[in-house]
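Novice: structure here, sequence nowhere to be found:
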Ligand SMILES: Nc1nc2c(c(=O)[nH]1)N[C@H]1C(S)=C(S)[C@@H](COP(=O)(O)OP(=O)(O)OC[C@H]3O[C@@H](n4cnc5c(=O)[nH]c(N)nc54)[C@H](O)[C@@H]3O)O[C@H]1N2
Ligand SMILES: Nc1nc2c(c(=O)[nH]1)N[C@H]1C(S)=C(S)[C@@H](COP(=O)(O)OP(=O)(O)OC[C@H]3O[C@@H](n4cnc5c(=O)[nH]c(N)nc54)[C@H](O)[C@@H]3O)O[C@H]1N2
Ligand code: SF4
Ligand SMILES: [Mo]
């Protein structure tokens, strides 16, 4: 596709709403008419957690164009800029093309191309040696969500390791725990029908979540519902809001508690709802008395009269008012409690399970493939989750605690690390510390599609086939508009790559674990498709790529017989379980530590064209953002003699980077901001290698007290002009 047309169509917001054809002038220039491309193979995007439905067209064996599949109500007929650029990942000349085994020192970049047999033999030998020396618990298996992640995780479990470490404790563990402890489940927010929406740092026009981003455009902006946004930065989302408040970082809980205070004081709660469904409202009434709007003004910098007015407007919109939860809650050490405060604010206006409110997620039923079960691991987890974070999900683990304990060698040594679809050197705060953890390993194996920074420091790199080259399990995407989606192969792998299932099978064969992986992907999805709520599930899925419910259902939990999955069976405003675990049963506000004079708090966020630390180097996307920079407030910058484009040195206790400055009014004076995804160490990522800087170098180790979720906005940095 023509680059300019691509850019016009993806536009400033970064997404195209409909299919884009091949430009006519392009076609005219060809002597031989191009064969038609047809409607496309239905499949599912893998470039971020949203998993939008795609129709992939192929011409002469090459992927020609990716279009949105209108049949998925969750992705709302949208394929964003990143989704479109997936073609460039497939044909990227710097892609991993065959297994690689390290021959020089770690990180030196000396590799030998290997056959799959050599790579499997090598890794299996190292894993078996680790098991013989330290037991299966001496191995760590870490991964980020993806449809083939299940095979990676199962390999770790079948191997006998308790140390399965998934990405939530870097992302959304605290928000999920806060909502589940209140409602027994994590709901969605009906932005299509809401009348009043408050978002605190959920940058939905740049941090895309489907269908919320599109519903914010269609449901909120076009219907002129009120949209209030709090963010220390003027983001694209701020620019679209009715009201934007550059809240002082780390003080959102004060704002929320003051809203609760006003709503209770002025008797604007949904009393009938509170009486019937909730526990602990009386304690809340007492609890919020000190949290006046004036108190919150002093904390947040938002005028008390505005907080009071917003609270009144919010309560007046009642069941159609939502304080949106946000997704990345790896912010502060009190993140769990801040999200609990949000959940309680939503509760008191009675928006639970109402059109335009908070709605418990529905699922599409699917079958399960029955594989041979393995014995439970004998050893406890190395992160000692049950002791350190008893309320959090032990099956996903806690990343930072894992790293602390591995570095200490306690409670036992962990000496081999397998990594799937994850780049811990960039995703985990304090890159230097993660490097030390890697150095402490006897063996590191990485499964990726690119030579990520983490892969660059590994011993063996297994190239996974690209999502457009493989068939993955059917996945259920829960929500108000739930869907089950299939990712099916569009083209055969163009290099010597394998899907994760076959990588797991290759290793399992050598580790004596074959019996647990004795099936094909086709058998797996056939079993899943059997229970889909359509006739001939598998055929339907292959033809449509998606089975979905396009009509929302409200009120299913609002019946007298319903018991919430909480200790009391009610919505828990006051939580005894929290009290028992030694935490505040109602959210107590404590002001965040302030940066000492001359230092700034570092905050993070996203742009629409980049996913995390990946994708910034894909040509179409790279042209949008060729390099990251450090946002610093204009007044602060001029006082320090810093101008846009000047090179600055940024230092925290974790590390130092050099990066160009962007002096701007679009950020508060007490913080600085840096985009993720640059300053790479892997020369294979050539457009972003040594370009800009990596935020992970600067971030210090801190976590949320209840969930163990990484707290990534707790680092203070020093900035000097170079
Ligand atoms: N400094 C900093 N750290 C953060 C964040 C931040 O904003 N700043 N955000 C946090 C959040 S919210 C999250 S969710 C995490 C995300 O953390 P990660 O999951 O580590 O994020 P990515 O950068 O997307 O890295 C994914 C890796 O998977 C590879 N990959 C992509 N597709 C495939 C595939 O199909 N198969 C395989 N095998 N590999 C594939 C990519 O090449 C890349 O190396 O990071 C967290 N950490
Ligand atoms: N394009 C794109 N979309 C994505 C992703 C991606 O990488 N790229 N990743 C996906 C994933 S895994 C996730 S978790 C989500 C993340 O999406 P979000 O949950 O929206 O999180 P972030 O984009 O990380 O944005 C955090 C925002 O909070 C602001 N902020 C910082 N401190 C404070 C504070 O104290 N108070 C308030 N109110 N605001 C604050 C920051 O300036 C930033 O704009 O996005 C998803 N969607
Ligand atoms: S939001 Fe974009 S990158 Fe994410 S799944 Fe959808 S199309 Fe793919
Ligand atoms: Mo995330």
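Specialist: All right, it came through fine. In this text the structure is predicted, and so the values were computed from the model without any measurement. Numbering: from 1, shown residues only. Ligands and ions are numbered 1, 2, ... in the order given.
Novice: for ligand 3, what's the nearest residue on this structure?
Specialist: As assessed by CB to the nearest ligand atom, ligand 3 sits closest to residue 83 within the chain, at 2.5 Å. Where you see a C-beta, it was placed from the backbone N, CA and C, and this is true even at glycine.
Novice: show me what contacts that residue?
Specialist: Applying CB atoms under 8 Å, 6 or more residues apart in numbering to residue 83 gives the contacts 45, 47, 52, 54, 66, 68.
Novice: biggest separation within those, which pair?
Specialist: 47 and 68 (13.2 Å; CB to CB).
Novice: comparing these two, which shows the higher neighbour count?
Specialist: Using other CB atoms under 10 Å as the criterion, residue 47 and residue 68 rank with residue 68 on top: 25 against 22.
Novice: ok, and the closest non-adjacent residue to the more buried one?
Specialist: Nearest non-adjacent residue to residue 68, counting by CB to CB, 6 or more residues apart in numbering: residue 79, 4.1 Å away.
Novice: from residue 38, how far off is the one you found?
Specialist: As for residue 79, its distance to residue 38 is 17 Å (criterion: CB to CB, to the nearest Å).
Novice: on that earlier part again, I'd say the residue nearest to residue 68 and residue 45 touch.
Specialist: Yes: contact criterion CB atoms under 8 Å: residue 79 and residue 45 qualify, at 6.9 Å.
Novice: now the common contact residues for the two.
Specialist: With contacts taken as CB under 8 Å, 6+ apart, residue 79 and residue 45 have 52, 54, 66 as neighbours in common.
Novice: output the residues you listed as CSV; include the columns secondary structure.
Specialist: Output for the shared contacts of residue 79 and residue 45, formatted as CSV (DSSP: H, G, I helix; E, B strand; the rest coil):
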residue, secondary structure
52, coil
54, strand
66, strand
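Novice: can you map out the helices along the stretch 451-600 of the chain?
Specialist: Counting by DSSP state H, counting those that start in this stretch, one finds helices in the stretch 451-600 of the chain at the ranges 453-456, 500-511, 521-529, 537-544, 576-580.
Novice: mind checking how far the third one is from the chain centre?
Specialist: This points to helix 521-529. Relative to the centre of its chain, helix 521-529 is centred 27 Å away, using CA atoms, centre = their mean, to the nearest Å.
Novice: residue nearest the centroid of the protein?
Specialist: Residue closest to the mean C-alpha point of the chain, counted by CA atoms, centre = their mean, is residue 171 at 5.4 Å.
Novice: next, residue 362: phi, psi?
Specialist: Backbone dihedrals for residue 362, given as degrees, to the nearest 10, come out at phi -100, psi 160.
Novice: now do the contacts for it.
Specialist: Neighbouring residues of residue 362 by CB under 8 Å, 6+ apart: 478, 479, 480, 482, 549, 553.
Novice: and residue 115, by the same measure?
Specialist: So residue 115 contacts 98, 99 (CB under 8 Å, 6+ apart).
Novice: pLDDT value on it, please?
Specialist: pLDDT recorded at residue 115 is 98.
Novice: do you know how far it is from residue 122?
Specialist: Counting by CB to CB, the gap from residue 115 to residue 122 is 11 Å.
Novice: count the residues that sit near the closest residue to residue 209 other than its chain neighbours.
Specialist: Nearest residue to residue 209, sequence neighbours excluded (CB to CB, 6+ apart): residue 327, at 6.0 Å. Counted with other CB under 10 Å, residues neighbouring residue 327 total 17.
Novice: which SSE is residue 327 in?
Specialist: Taking DSSP states H and E as the definition, one finds residue 327 inside no helix or strand.
Novice: quick one, what contacts the closest residue to residue 262 other than its chain neighbours?
Specialist: Of all residues not flanking residue 262 in the chain, residue 311 sits nearest, at 3.7 Å (CB to CB, 6+ apart). With contacts defined as CB under 8 Å, 6+ apart, residue 311 is in contact with 258, 259, 260, 261, 262, 263, 266, 268, 293.
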